[in-house]
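Trainee: coords please:
(chains A and B)
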Amino acid sequence: MSEEQDWLVSVSDSGTLVLAASGGWTLAASARLATVLDGVQPEPGAASRVRLDLSRLDALDTVGALLMRQFRDRMSREGRAVAIINVRPEHIALIDAVWRAADSEPVVPPKKHLIADTVEAVGQASLKALSGSVELISYLGLVIATLVRVLTHPKRLRLTALVYHMDHTGLRCLPILGLLSFLIGVVLAYQGAEQLRRLAAEIYVVNLLGLSILREIGILITAIIVAGRSGSAFTAQIGTMKVNQEIDAMRTIGLDPIEMLVVPRILALMLVMPLLTFFANMVALLGGATMSYILLDINYYQFVNQMRIPIDLGDATVAMIKAPVFALVIGMVGCYEGLLVSGSAESVGLRTTKSVVESIFLVIVLNAFFSVLFQILHI
Amino acid sequence: MTLTQPRPAADTVMRIRGLVTRFGGHLVHDGVDLDVFRGEVLGVVGASGSGKSVLLKAVVGLVHPSAGTIEVLGHDIGSLSENRRIALQARCGVLFQDGALFSSLTVAQNVAVPLVEHTGLPPALIEEVVRVKVAMVGLPADAALKYPSQLSGGMRKRAGLARALALDPEILLLDEPTAGLDPIGAAAFDQLIGSLQHGLGLTVFMVTHDLDSLAAICDRIAVLNDRKLLVGTLDSLKQVPDRWIRDYFGGPRGRAALRTGA
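Mentor: Okay, the predicted model is just below:
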């Protein structure tokens, strides 16, 4: 037992177990030291007193002091009086501090019940969803009221912020939006051409492309990219400001965060979204036309001519009606989730994810609603 | 420039020679020399923006100096391999200004991180050690289960200290440790540092503005002034004919702290 020798030497005395601690009782040696201390198992009734001599102890740290305490407690429980002797002056303060800390009651986390906890979680989630939707509606009202106030008092409009956000959400979105729309147009034309060629009705690729892109695809692609790009940015920006207490600071200065932060963002998005949609539509059609030219030998002139047959002004305006509505939804959700951030960096990440998922979900649901509505209105 | 007696080199746990730190065109340190001796509490003071925190970051290897060497516990931190640098870092505990707790973990889990990563202790013992460290820094026991965002600024700082102390480091580096604590808590914190330092031979490198801490627990004080470092004791520094140093120690707050502390 050479290891044991390093830390603990036992010297038997009549009725008293004398242990001499030596070496370093430190974190580095603690795992083995714990085993050695556990190995001290005197016969029941053999030693009524234990004396721990620290005169040869080289180094002691908090873990060593804690193990000493645990050893003493175990001995006391077994009915042995423990005396710790020859404590070096420099160890007294440390042992005192650790032992006092060890006196603190351990906190037991509340017990878990599978069924009860599940029921509770479901209940909590339902209540939260309910109060969440009530809050969202009141927030919608607040934003619209502020929006109207700002628009009727144009002096209150933060023009710099508005232009800044139009630049970031609009202009800087063009390259990625253009690329993706072009590729979608290419893919649609390719798939359509494959099917329609079997019926010798290749020219109807143009009808397919024109209707689907102008009515549905262009606006959806735009909305999804904007939600992923700008909606998430809104949440992260406002959320980080919330963490930094910038929102609180604004309120104390008498600035309205809705007016300062939310309105410029939503307004900017509502202004650029129709433009982005128009751009996406045109580029997607260009992609489709290019593919039609390559695959089906339909030149651009034929393409435009053919497109004038199925498509009227209504089809072209459908997307432009949807665009500001989708922009409002994306901007609202993005800013709302940002304002809900609480405290930590983790919360910012969580809310950003939620914001993107929620806004895309709402956009697709609203799109379905619009399709039905336009059907009824014969647009 | 050193105003105290030279000591044997074996006692030196940290040796900085000719440290130059530069951010772009901005020169932060210009030829800083510093020896930190085992078992002492060194307070680093200086005006806001004088590079105190940068000095601390350079010592723990977060900022790379433009010139000069930093030796910590006999190792030149600029030329260490990745593994040895990590091993060295485990021997230095750092408390950042606002605690820098991991926000996705509870306080107890935060304190357990270094223990789980760097030791092979059984989970039950880790739990005990965490409980002791949390109690040692003066946090109520139920704070252990809370997340950093649920704690006040002062409590976050204490939790950060508990994490810095988790591995019983030889060197404890503190960045403004008592800022944000109430006076009673700050005094208790000073005492805790003192008792730990006695028990473990702990060396404390403390960036601070707290004149009470300086008077109560610091053995020596390093003043970062005009990109240079001036080291001395409270009394020797008071004699230095420099405007900033005179204003710092001789101002109303300085005088009050020194009167009660000395």
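Trainee: what does chain A put close to chain B?
Mentor: Residues of chain A found near chain B (Cβ under 8 Å from any Cβ of the partner chain) are A:26-27, A:30-31, A:34, A:59-63, A:65-66, A:70, A:90-91, A:93-98, A:100-107, A:109, A:342-347. C-beta here means a position set from N, CA and C on the backbone, and glycine is covered the same way.
Trainee: For PyMOL, write a command that selects the buried ones of the residues you listed.
Mentor: The PyMOL selection below is limited to those of these classed as buried (16 or more other Cβ atoms under 10 Å in any protein chain shown):
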select buried, chain A and resi 26+27+30+34+59+60+61+62+63+65+66+70+91+93+94+95+97+98+101+102+104+344+345+346+347
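Trainee: So which of the residues of chain A next to chain B belong to strands?
Mentor: Counting by DSSP state E, the part of these found in strands is A:59-60.
Trainee: Might you report the residue contacts of the residue nearest to A:N207 when sequence neighbours are not counted?
Mentor: For A:N207, ignoring the flanking residues on the chain, the nearest one in space by Cβ to Cβ, 6 or more residues apart in numbering or on different chains is A:P310 at 4.5 Å. By Cβ atoms under 8 Å, 6 or more residues apart in numbering or on different chains, A:P310 lies in contact with A:207, A:210-211.
Trainee: any idea whether A:P310 is helix, strand or coil?
Mentor: Secondary structure, DSSP: H, G, I helix; E, B strand; the rest coil: A:P310 is coil.
Trainee: Please enumerate the helices of the stretch 251-379 of chain A.
Mentor: Remark: helices assigned in the stretch 251-379 of chain A by DSSP state H, counting those that start in this stretch are A:257, A:263-296, A:300-307, A:313-339, A:345-377.
Trainee: and if you look at the stretch 151-262 of chain B?
Mentor: B:153-164, B:183-200, B:211-217, B:234-238, B:243-250, B:252-261.
Trainee: which of those helices sits most buried?
Mentor: Highest mean neighbour count of the helices of the stretch 151-262 of chain B: helix B:153-164, a mean of 24 (counted as mean count of other Cβ atoms under 10 Å in any protein chain shown).
Trainee: can you give me the angle that one makes with helix B:183-200?
Mentor: Angle, helix B:153-164 to helix B:183-200, by axes from the mean of the first three to the mean of the last three Cα atoms, to 10 degrees: 10 degrees.
Trainee: just checking, what packs against helix B:153-164?
Mentor: Packed against helix B:153-164 by the contact rule (3 or more Cβ pairs under 8 Å, 6 or more residues apart in numbering or on different chains; DSSP states H and E) you find strand B:92-95, helix B:107-118, helix B:123-136, strand B:171-175, helix B:183-200.
Trainee: Reformat those as a markdown table; add distance to chain A.
Mentor: Shown next, in a markdown table, are the helices and strands packed on helix B:153-164 (distance: least, Cβ to the nearest Cβ, whole Å):
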| stretch | distance to chain A |
| --- | --- |
| strand B:92-95 | 12 |
| helix B:107-118 | 8 |
| helix B:123-136 | 3 |
| strand B:171-175 | 12 |
| helix B:183-200 | 3 |
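Trainee: could the ones you listed go into JSON lines alongside mean pLDDT and distance to A:R172?
Mentor: Below are the helices and strands packed on helix B:153-164 laid out as JSON lines (pLDDT from 0 to 100; distance: least, Cβ to Cβ, whole Å):
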{"stretch": "strand B:92-95", "mean pLDDT": "88", "distance to A:R172": "39"}
{"stretch": "helix B:107-118", "mean pLDDT": "88", "distance to A:R172": "39"}
{"stretch": "helix B:123-136", "mean pLDDT": "87", "distance to A:R172": "48"}
{"stretch": "strand B:171-175", "mean pLDDT": "89", "distance to A:R172": "38"}
{"stretch": "helix B:183-200", "mean pLDDT": "76", "distance to A:R172": "49"}
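Trainee: wait, which of the ones you listed is closest to A:L177?
Mentor: helix B:107-118 (42.9 Å; Cβ to Cβ).
Trainee: The closest one versus helix B:123-136: what angle between them?
Mentor: Using the same axes, to 10 degrees: helix B:107-118 against helix B:123-136 is 130 degrees.
Trainee: what does helix B:107-118 contact?
Mentor: B:90, B:101-102, B:105, B:121, B:126-127, B:129-131, B:133-134, B:139, B:143-148, B:151, B:159, B:162-163, B:166-167.
Trainee: Now list the buried members of those residues.
Mentor: B:90, B:101, B:105, B:121, B:126-127, B:129-131, B:133-134, B:139, B:143-144, B:146-148, B:151, B:159, B:162-163, B:166-167.
Trainee: Now do the contacts for A:E346.
Mentor: Neighbour list for A:E346: B:103-104 [criterion: Cβ under 8 Å, 6+ apart].
Trainee: what residues are up against whatever residue of the stretch 251-379 of chain A ends up closest to chain B?
Mentor: Closest approach between the stretch 251-379 of chain A and chain B, counting by Cβ to the nearest Cβ: A:G343, at 3.2 Å. Residues near A:G343 by Cβ under 8 Å, 6+ apart: A:243, B:103, B:149-150.
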